[in-house]
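Q: Predicted model and sequence follow; I will ask about them next.
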Amino acid sequence: MRIASVILMLLLAISGCAVYTFSSSALGGVKTIAIPEFENRTTQFDIDVLTTEELNQAFVRDNTLKVMPLDQADAVLTGAITSYSHDPYTFDASEQVQEYIVRIILSVQVQRANSDKVFWKDDNLSDYGVYSVVDGETQDDGNRRAIQKLVDEILNRTVRGW
């Protein structure tokens, strides 16, 4: 009797997990997404291009939504880089900068194409990247780290947040 109860509980637990899915039906019928180039409202050159390229690559690797041209997509991911800062972060005993921190703030929105339906929006999505001048790293390393964190957050909110 006890073994039967344990088996029944295991079967119920396993079957409960099987219901969870990231299929297109779980995404409200959205199967494709367009990612136009982000707007750059900062003075940091090409940060918009790098952000857009990283987003496109992340969605292609994830493969939950197929990246398509704007006129063929079910949803559109738009955004703007609204703030960029680059500041000293850590110092050594003689007050020489050891690390810098790059902070990036985005305004991002994902909506159904040709519709006012917004799946999610965040006007203050921010993250940072630290790089070490002692290790020979550059501001580009900090930029890439900050952008990668932001891209991961956008991808997760988009394909797993609906």
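A: Yep, that arrived. Numbers count the residues shown, from 1 in each chain.
Q: which SS state does the residue nearest to Val118 when sequence neighbours are not counted fall under?
A: The spatial neighbour of Val118 that comes closest, neighbours along the chain excluded (C-beta to C-beta, 6 or more residues apart in numbering), is Gln111 at 4.5 Å. Any C-beta I mention is one placed from the backbone N, CA and C, and that applies to glycine too. Following DSSP: H, G, I helix; E, B strand; the rest coil, we place Gln111 in the strand state.
Q: How about the contacts made by Gln111?
A: For Gln111, the contact set (C-beta atoms under 8 Å, 6 or more residues apart in numbering) comprises Ala75, Val76, Thr78, Lys117, Val118, Phe119, Lys121.
Q: in the sheet, who's paired with it?
A: Val76, Val118 (DSSP bridges).
Q: Next SSE downstream of the helix or strand of the chain with the lowest mean pLDDT?
A: When the helices and strands of the chain are scored by mean pLDDT, DSSP states H and E, helix 2-18 comes last with a mean of 43. Downstream of helix 2-18, the first helix or strand assigned by DSSP states H and E is strand 32-34.
Q: what lines up beside that next one in the sheet?
A: Checking strand 32-34 against DSSP bridges gives partners strand 66-67 (parallel), strand 75-91 (parallel).
Q: And for the first one, what's in contact with it?
A: Contact partners of strand 66-67, identified using C-beta under 8 Å, 6+ apart, comprise Lys31, Thr32, Ile33, Ala34, Ile35, Asn56, Phe59, Val60.
Q: Show the buried residues in those.
A: Applying 16 or more other C-beta atoms under 10 Å to the contacts of strand 66-67, the neighbour count classes Thr32, Ile33, Ala34, Ile35, Asn56, Phe59 as buried.
Q: For the last one, what is the enclosing helix or strand?
A: Read it as Phe59. With DSSP H and E as criterion, Phe59 is part of helix 47-62.
Q: Could you work out the most separated pair of the contacts of strand 66-67?
A: Lys31 and Asn56 (16.6 Å; C-beta to C-beta).
Q: Go ahead and confirm Asp74 touches Val110.
A: No: between Asp74 and Val110 there is no contact under C-beta atoms under 8 Å: 10.8 Å.
Q: which residues are in contact with both of the two?
A: Ile33.
Q: quick revisit: JSON lines please, covering the strands paired with strand 32-34 and showing mean pLDDT.
A: What follows is those, written out as JSON lines (pLDDT from 0 to 100):
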{"stretch": "strand 66-67", "mean pLDDT": "97"}
{"stretch": "strand 75-91", "mean pLDDT": "98"}
